[in-house]
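Colleague: Quick one: sequence plus predicted model below, questions after.
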Amino acid sequence: MEIAGYRKEVDLGKLGPTLVIASSLILAIRTAKWPRIVVETASTTDWDLEVEQSVRMAHHILSHLLVKSPFLFQHKDVPWYQPSEDESPR
């Protein structure tokens, strides 16, 4: 097989940090007016649900942006292959 050319694809490996930052911002906005809790551990049921909801929201938004506006993200060149004459189906 020979490389016949390259196509541009969104570099999904670099979206991990974007998802973390987006979900953190959503979480900060959603919990900004919550009363401060001074406890050794901040793990409560409400907090856990908010974290999960923030991640779901960020994932949904990023998925939508990937489909509708992929030009917003970094791209990488992915080769596509063309079979040579001896590899053609018979």
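Modeller: That came through, no problem.

Colleague: give the contact list for the residue nearest in space to the middle of the chain.
Modeller: The centroid of the chain falls nearest to Leu15 when counting by CA atoms, centre = their mean (4.2 Å). Neighbour list for Leu15: 62, 73 [criterion: CB atoms under 8 Å, 6 or more residues apart in numbering]. Yep, even glycine has a C-beta here, placed from its N, CA and C like the rest.

Colleague: For it, which three-state class applies?
Modeller: helix (DSSP: H, G, I helix; E, B strand; the rest coil).

Colleague: What of Pro79?
Modeller: For Pro79, the reduced secondary structure class is strand; criterion used: three-state DSSP.

Colleague: Ok, Val67 next?
Modeller: Reducing the assignment at Val67 to three states with three-state DSSP gives helix.

Colleague: What's the local residue count around it?
Modeller: 8 (other CB atoms under 10 Å).

Colleague: which residues in the protein form helices?
Modeller: Per DSSP state H, the chain has helices spanning 15-30, 45-68. These are given in chain order.

Colleague: roughly how far is the first one from the heart of the chain?
Modeller: Right, the one you point to is helix 15-30. In terms of CA atoms, centre = their mean, to the nearest Å, the gap separating the centre of helix 15-30 from the centre of its chain is 10 Å.

Colleague: for stretch 56-65, same thing?
Modeller: Remark: stretch 56-65 is offset 7 Å from the chain centroid, using CA atoms, centre = their mean.

Colleague: Now do the buried residues in it.
Modeller: The neighbour-count criterion (16 or more other CB atoms under 10 Å) identifies 58, 62, 65 as the buried residues of stretch 56-65.
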